[in-house]
Every structure is written in C-alpha cells, then in structure tokens.
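J.: Okay, structure incoming, though there's no sequence with it:
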C-alpha cells in the first residue's frame, strides 16, 4: 500500500520568503505525482503534474522536483505572497489511484 | 484545461433522507471518475471508483448500499447518500482522470450536513 508523508504539517513565513514543501512516498512504482492546492472548504486545484520519467516541472513561481528512486518530491514556491496561503497536497498515482499526503498548511504573513 | 463541475456545493438534509451529488466533466470524456471523502483537517480518502457503464468499485470499509454510485454517461457520475445520518456529514469531492496526461481534475466539493 502506498504511504505518502508530507513535512512540515504547517508553515508560516513572511511575505517574499521562498517556500519548500516536502513529500515522500514508500512505493517507487508510480505513474506520476501531482501537487494540489486546497483553500478552506473548497475543492482541489492542480498545480503541477510530474510524470514518472520527469525530474521536474515548472509553472511560474512554482517548481516541483521528483526523485522516484528515493521516493521524494519537493515543491518550491518562490517569493511567497499572502495569496499563496492554503493547504498543499501531494498525490501519488499508483495503479491509477491517487494516494494523498495529509498536506502542508501554509500561511504567508503580509 | 479540463474542468469538473460538482453540484451542489453544499446541502443540509434531515436524518433518514437521501441526497444526490452530481459530478460532470465539462470539456472532456471521463470513463473513470473517483469519489473522495474528507474529514476536517484530514486528507482525502478514496471511497470508490466510478466506471462508465459498469458497477463502481468500492474501497474497503465503504458501504456500497449506503453510497450508491451511478456513471451512466461519459460525462456524468452521481453519488447518492442513502438514509443519511449525522455521521455521514462530511466534505465529498469527485475527480476525473484525463486521458491525455493521466492527471486528475477535481470538482469543487460538496459539504453535506445531516441534521
């Protein structure tokens, strides 16, 4: 069974600081890994999708890396803004089912 | 990009009644959709996989007679919570898998409160 862990569980930073969110998983036989953002009481918004053959993906201020052999992914958010405050979820696709981490709740202070 | 529409966004119902939640893929066909449940401050728990034209596959511990899933077309899946009780109160979210890159798109979720 795929186990996904996200560290830290919560993070509070001043505006402008870079964010580093970590995700680890136990089974390296994955199809892809996806990072999502969830605002309170809302659904999930996809941020980045990394296929198993890729090492990283970038979109604007976001960059996600994937090291499949060691079971790790990292999401970097550059120059954080108060609007980045949300919960970030890492989801690993194994056998076409997603396994989620518990999330990292980020607060960016103005 | 792919869009999944989920309705209603919130619903309050009396104990013992049934509630239907709809999940639609708006600009792509989804042969497979997924239903999740999320408790406060917890991550998503997969309840079932909905397959177009066939029976849904339920995860261990999920009562298939309580959570009825119908996937009658390539763009619509429904979840019906039957004989709802207060312990069924939760946040339910659906998702669909894109066939182009095998990424997942999620609906906006439904907050169910059973009183």
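T.: All right, it came through fine. Model, not experiment: these values are computed from the prediction. Residues are numbered from 1 along each chain as shown, chains lettered A, B, ... in the order given.
J.: contacts, neighbours, all on C-alpha from now
T.: Fine.
J.: and chain A, which residues reach chain B?
T.: For chain A, the contact set with chain B under Cα under 8 Å from any Cα of the partner chain comprises A:34, A:41-46, A:49, A:100-103.
J.: phi, psi of the closest residue to residue B:44 other than its chain neighbours?
T.: Closest residue in space to residue B:44, ignoring its immediate chain neighbours: residue B:38 at 4.8 Å, by Cα to Cα, 6 or more residues apart in numbering or on different chains. When read as degrees, to the nearest 10, the backbone of residue B:38 gives phi -130, psi 120.
J.: Quick one, grab the pLDDT at residue B:38.
T.: pLDDT, residue B:38: 93.
J.: how many neighbours does it have?
T.: 18 (other Cα atoms under 10 Å in any protein chain shown).
J.: And residue A:82, by the same measure?
T.: 15.
J.: Would you enumerate the residues in contact with it?
T.: Residues counted as contacts of residue A:82 (Cα atoms under 8 Å, 6 or more residues apart in numbering or on different chains) are A:15, A:107-110.
J.: phi, psi of it?
T.: Residue torsions, per degrees, to the nearest 10, at residue A:82 are phi -50, psi -30.
J.: Just the local confidence number for it, please.
T.: For residue A:82, the model assigns a pLDDT of 97.
J.: Give me the distance between it and residue A:17.
T.: Using Cα to Cα, to the nearest Å, one obtains 11 Å as the distance from residue A:82 to residue A:17.
J.: Give me the three-state assignment for residue B:28.
T.: At residue B:28, secondary structure determined by DSSP: H, G, I helix; E, B strand; the rest coil is coil.
J.: Residues of chain B that sit close to chain A?
T.: So far as Cα under 8 Å from any Cα goes, chain B lies against chain A at B:42-45, B:93, B:103-109, B:111.
J.: Quickly check the residues of chain A next to chain B for the two that are furthest apart.
T.: A:41 and A:49 (22.9 Å; Cα to Cα).
J.: More neighbours: which of the two?
T.: Of the pair residue A:41 and residue A:49, residue A:49 is the one with more neighbours under other Cα under 10 Å, namely 22 against 13.
J.: circling back to that earlier point, now restrict the residues of chain B next to chain A to buried residues only.
T.: The neighbour-count criterion (16 or more other Cα atoms under 10 Å in any protein chain shown) marks B:43-45, B:93, B:103-109, B:111 among the residues of chain B next to chain A as buried.
J.: ok and the residue in chain B nearest chain A?
T.: For chain B and chain A, the shortest gap (Cα to the nearest Cα) falls at residue B:108, measuring 3.9 Å.
J.: from what I can see that residue touches residue B:9, true?
T.: Yes. Assessed by Cα atoms under 8 Å, residue B:108 is found in contact with residue B:9 at 7.1 Å.
J.: any low-confidence regions in chain A?
T.: Counting by pLDDT under 70, chain A contains no low-confidence range.
J.: Thank you kindly, that will do.
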